[in-house]
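Peer 1: just coords:
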């Protein structure tokens, strides 16, 4: 009978290493959302850019991807948000990241909001709620977030 070699021992230790890496994980924090800008808003959809201060206390960079974001204008659901570019959180840092989001119109809710804001001024309440996946190598974790702010367009 053949005994496992060093390669087999490494394969057995790999899950333990991955588990110990998970144990060292510290929560990523969305510290604040500031400077929300409406880039485009029309009857087809909305595009915004959000400056988000995010703290990553971990000893590794985290790649944000696969967002599941519900966008609201004046408390009315307008569509699912899509992240327009890749976002990487730097290790052991608190930084402001400029996050571009867009949502295509679902139903007629944005048209109603736009018509209502014509009569009520040019300020709207913009909100987003959802989750985003943080990835480090093969390890993935979903992070919840929410923000709300009045913006001029």
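Peer 2: Perfect, thanks for sending it. All values reported here derive from a predicted model rather than from experimental measurement.

Peer 1: tell me how far the residue most central in space within the chain lies from residue 68.
Peer 2: Centroid check for the chain by C-alpha atoms, centre = their mean gives residue 132 as the closest residue, at 4.4 Å. The gap separating residue 132 from residue 68 is 8 Å, by C-beta to C-beta, to the nearest Å. Where C-beta positions appear, they are placed from N, C-alpha and C, glycine not excepted.

Peer 1: the helices in this protein, which residues?
Peer 2: With DSSP state H, the ranges of helices along the chain come out as 6-23, 109-120.

Peer 1: show me where this structure has strands.
Peer 2: Taking DSSP state E as the criterion, the chain carries its strands at 29-42, 45-56, 62-73, 76-83, 87-89, 93-104, 123-136, 139-152.

Peer 1: in CSV, list these along with mean pLDDT.
Peer 2: What follows is the strands of the chain, written out as CSV (pLDDT from 0 to 100):
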stretch, mean pLDDT
strand 29-42, 84
strand 45-56, 89
strand 62-73, 86
strand 76-83, 85
strand 87-89, 91
strand 93-104, 90
strand 123-136, 86
strand 139-152, 83
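
Peer 1: correct me, but residue 69 touches residue 129?
Peer 2: Yes. When contacts are counted by C-beta atoms under 8 Å, residue 69 is listed as touching residue 129 (7.3 Å).

Peer 1: what's around the nearest residue to residue 69 once chain neighbours are set aside, how many residues?
Peer 2: Here the nearest residue to residue 69 in space, its sequence neighbours aside, is residue 81; by C-beta to C-beta, 6 or more residues apart in numbering that works out to 3.2 Å. Close neighbours of residue 81, defined as other C-beta atoms under 10 Å, add up to 23.
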